[in-house]
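Visitor: just coords:
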């Protein structure tokens, strides 16, 4: 009896240590996600350049998850999760003005039956359009049972696909798919330890991990292309272009003015494309006005070149790079 008591006394600290060492929450690449969020917050504080307008269409759910008899594709919780997470990540960079477009089906149809960049641009009202889908989503429960221990683990895996469309041309400039995984684990020893109930937050973490693989590429593809605007008016009161303080336009900024190239149909794809334009001048911002991204403008002065006031629709104003 004394030997048994001694053995029990010797093993109890080890057993309780095992209880303490159980992992209550494990998220794949969690440290990387935290660091990425910190970097994005720092970028938002430091970024002072021109912002791109991005419209995010409602994500579709291409999985069978949560598709019961009363499923409503226009109110899909999984798709909304993906939109909210992507919106938060892009907003934290400080480089975008985000516009949400819930009519994803109409926009998708417009892309498939593409008839021209001008029509698409008017419908979307942004420089770039993001269309996405949740392509993979699953939850599984696993466990291990030992002599004195029992472990239960919940794992969620998610896949997200994104397409980035240049609204001015209708061209898909970036398309990719990311995958993420999140899990939580609880262990008990001789009945002592944590209990693992249903963890609803794992879906957020798995989708967030999948989107994190794509966000940086989305940002780079948008920012690598020059900021672009158009001439709103050019008469005796001066020249005005679209864009103002909300988009990062400020007095003293200098932009290039391009005459648009010819618009032709590409026989290879059946789509219209715009040939490269010709630089015809430069403008300098004098002042900005407007209260929101939908009505803001900038008054500019033509400092170089020539612009035909009677055909202002033939010109584009671009960031100098």
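Guide: Received, thanks. What you see is a predicted model, and the numbers here were worked out from it, not measured in a lab. Residues are numbered from 1 along each chain as shown.
Visitor: residue ranges with poor pLDDT in this structure?
Guide: When residues are selected by pLDDT under 70, those of the chain lie in 1-45, 66-75, 100-124, 143-149, 187-200.
Visitor: can you give me the helices for it?
Guide: Counting by DSSP state H, the chain has helices at residues 2-20, 30-46, 77-93, 104-112, 117-124, 201-223.
Visitor: all strands for the stretch 51-200 of the chain, in order.
Guide: Secondary structure of the stretch 51-200 of the chain (DSSP state E, counting those that start in this stretch): strands located at 52-57, 60-61, 96-101, 128-145, 149-166, 171-189, 192-193.
Visitor: of all those, which lies closest to residue 267?
Guide: Among the strands of the stretch 51-200 of the chain, the nearest to residue 267 by C-beta to C-beta is strand 171-189 (16.4 Å). Where C-beta positions appear, they are placed from N, C-alpha and C, glycine not excepted.
Visitor: Nearest residue to residue 222 in space, please, no chain neighbours.
Guide: Distance criterion C-beta to C-beta, 6 or more residues apart in numbering; nearest residue to residue 222, sequence neighbours excluded, is residue 52 at 5.0 Å.
Visitor: Please apply the same query to residue 63.
Guide: Spatially, and ignoring its direct neighbours in sequence, residue 63 is nearest to residue 137 (4.6 Å; C-beta to C-beta, 6+ apart).
Visitor: Report the beta-bridge partner residues of the one you found.
Guide: The residues listed as beta-bridge partners of residue 137 by DSSP bridges are residue 158.
Visitor: so what's it up against?
Guide: The contact partners of residue 137, by C-beta atoms under 8 Å, 6 or more residues apart in numbering, come to 61, 63, 65, 78, 156-159, 203, 206-207.
Visitor: Could I get the contacting residues of residue 244?
Guide: So residue 244 contacts 288-290, 296-298 (C-beta under 8 Å, 6+ apart).
Visitor: Let me fix that, I meant to ask about residue 126.
Guide: By C-beta under 8 Å, 6+ apart, residue 126 lies in contact with 53-55, 99, 167.
Visitor: would you list those in CSV and tack on distance to residue 46 and neighbour count?
Guide: Shown next, in CSV, are the contacts of residue 126 (distance: C-beta to C-beta, whole Å; neighbours: other C-beta atoms under 10 Å):
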residue, distance to residue 46, neighbour count
53, 21, 22
54, 20, 26
55, 25, 21
99, 24, 17
167, 27, 21
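Visitor: related to what we said a few turns ago, need the contacts of residue 137 in TSV (columns: distance to residue 85 and neighbour count).
Guide: Listed next are those as TSV, based on distance: C-beta to C-beta, whole Å; neighbours: other C-beta under 10 Å:
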residue	distance to residue 85	neighbour count
61	14	21
63	16	16
65	16	16
78	11	20
156	14	25
157	16	19
158	10	30
159	14	19
203	10	20
206	10	28
207	6	26
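Visitor: Go through these and name the one nearest residue 181.
Guide: Among those, and counting by C-beta to C-beta, the member closest to residue 181 is residue 157, at 4.9 Å.
Visitor: Surely the closest one is in contact with residue 178?
Guide: No. Taking contacts as C-beta atoms under 8 Å, residue 157 lies outside contact range of residue 178: 11.8 Å.
Visitor: ok, how many other residues are close to the closest residue to residue 177 other than its chain neighbours?
Guide: Closest residue in space to residue 177, ignoring its immediate chain neighbours: residue 161 at 4.3 Å, by C-beta to C-beta, 6+ apart. For residue 161, the tally of surrounding residues (other C-beta atoms under 10 Å) stands at 19.
Visitor: Likewise for the one 3 residues further on?
Guide: Neighbouring residues of residue 164 were enumerated by other C-beta under 10 Å; the total is 21.
Visitor: That one touches residue 171, doesn't it?
Guide: No. Using C-beta under 8 Å, residue 164 is not in contact with residue 171; the gap is 9.6 Å.
Visitor: circling back: among the contacts of residue 244, who's most crowded?
Guide: Neighbour counts for these (other C-beta under 10 Å) peak at residue 298, which has 27 neighbours.
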